[in-house]
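Asks: 3D, please:
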Amino acid sequence: QVQLVESGGGLVQAGGSLRLSCAASGRTFRSNGMGWFRQQPGKDREFVAAINWSDSSTYYADSLKGRFTISRDNAKNTVSLQMNSLKPEDTAVYYCATYPDGSPENLGAYDYWGQGTQVTVSS
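Replies: Residues are numbered from 1 along each chain as shown. As a prediction, this is how the structure comes out:
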């Protein structure tokens with residue numbers, strides 16, 4: 001079992017920044033890496049970014065490259081998502097999750113999920 005707890009969400013004005021964190025506990029050694037997804041009301045959950053534990057390879061949704069940065073702190077079993085130049089369309093619930101194998105951009109590759117944290121960007 002793996003437990004994931006997100007934090008750092010909130011309300012921010014357009015152009016602002018937020019930093020999300022995901023603290024992992026439990027059998028995290030079984031995972032290959034961790035990713036962030038987001039879900040807007042009435043829409044499917046979409047890939048945001050992911051990072052590989054072994055070599056820190058990072059993956060991003062094409063539309064978010066340059067504004068979002070994923071990083072990890074292995075000692076603390078924490079993955080962060082720095083979000084800059086936020087736009088109202090970034091408003092969503094953001095989830096972190098672990099993937100044991102497979103493509104990190106693929107929703108189906110993930111096995112454990114956090115409860116999510118709300119990010120609201122006002123115009």
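Asks: contacts and neighbour counts: CA atoms only from here.
Replies: Will do.
Asks: residue 52 and residue 89: what is the separation?
Replies: According to CA to CA, to the nearest Å, residue 52 stands 27 Å off from residue 89.
Asks: which of these two has more neighbours?
Replies: residue 52 (20 against 12; other CA atoms under 10 Å).
Asks: the residue nearest the centre of the chain and residue 123, how far apart?
Replies: The centroid of the chain falls nearest to residue 36 when counting by CA atoms, centre = their mean (2.1 Å). For residue 36, the distance to residue 123 equals 24 Å [CA to CA].
Asks: need the pLDDT of the nearest residue to residue 122 once chain neighbours are set aside.
Replies: Nearest in space to residue 122, with sequence neighbours left out and distances taken as CA to CA, 6 or more residues apart in numbering, is residue 13 at 4.8 Å. Residue 13 is assigned 98 on the pLDDT scale.
Asks: distance of residue 13 relative to residue 6?
Replies: On the measure of CA to CA, residue 13 and residue 6 end up 21 Å apart.
Asks: show the pLDDT at the closest residue to residue 67 other than its chain neighbours.
Replies: What sits nearest to residue 67 in space, not counting adjacent residues and going by CA to CA, 6+ apart, is residue 84, at 5.1 Å. On the pLDDT scale, residue 84 is placed at 98.
Asks: measure residue 84 to residue 16 for me?
Replies: 6 Å.
Asks: looking at the two, which one has more neighbours?
Replies: residue 84 (17 against 14).
Asks: that one contacts residue 70, doesn't it?
Replies: No: using CA atoms under 8 Å, residue 84 is not in contact with residue 70, being 11.6 Å away.
Asks: neighbours of residue 69, just the number please.
Replies: There are 19 residues near residue 69, going by other CA under 10 Å.
Asks: that one against residue 83, yeah?
Replies: Yes: assessed by CA under 8 Å, residue 69 is found in contact with residue 83 at 6.6 Å.
Asks: now stretch 40-58 - C-alpha only, CSV.
Replies: What follows is stretch 40-58, C-alpha atoms only, in CSV (Å, rounded to 0.1, in the frame of the first residue of the first chain):
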residue,chain,number,x,y,z
GLN,A,40,-11.7,20.0,-14.4
PRO,A,41,-15.5,19.8,-13.8
GLY,A,42,-17.1,17.6,-16.4
LYS,A,43,-13.8,16.7,-18.0
ASP,A,44,-11.5,13.7,-18.0
ARG,A,45,-8.5,13.6,-15.8
GLU,A,46,-5.5,14.8,-17.8
PHE,A,47,-1.8,14.3,-17.5
VAL,A,48,0.3,17.2,-16.2
ALA,A,49,3.8,16.0,-15.4
ALA,A,50,5.7,13.0,-14.1
ILE,A,51,9.1,12.1,-12.8
ASN,A,52,11.1,8.9,-12.7
TRP,A,53,12.6,7.8,-9.4
SER,A,54,15.7,6.2,-10.8
ASP,A,55,17.1,8.8,-13.1
SER,A,56,14.8,11.9,-12.5
SER,A,57,13.6,11.9,-16.1
THR,A,58,10.7,14.3,-16.4
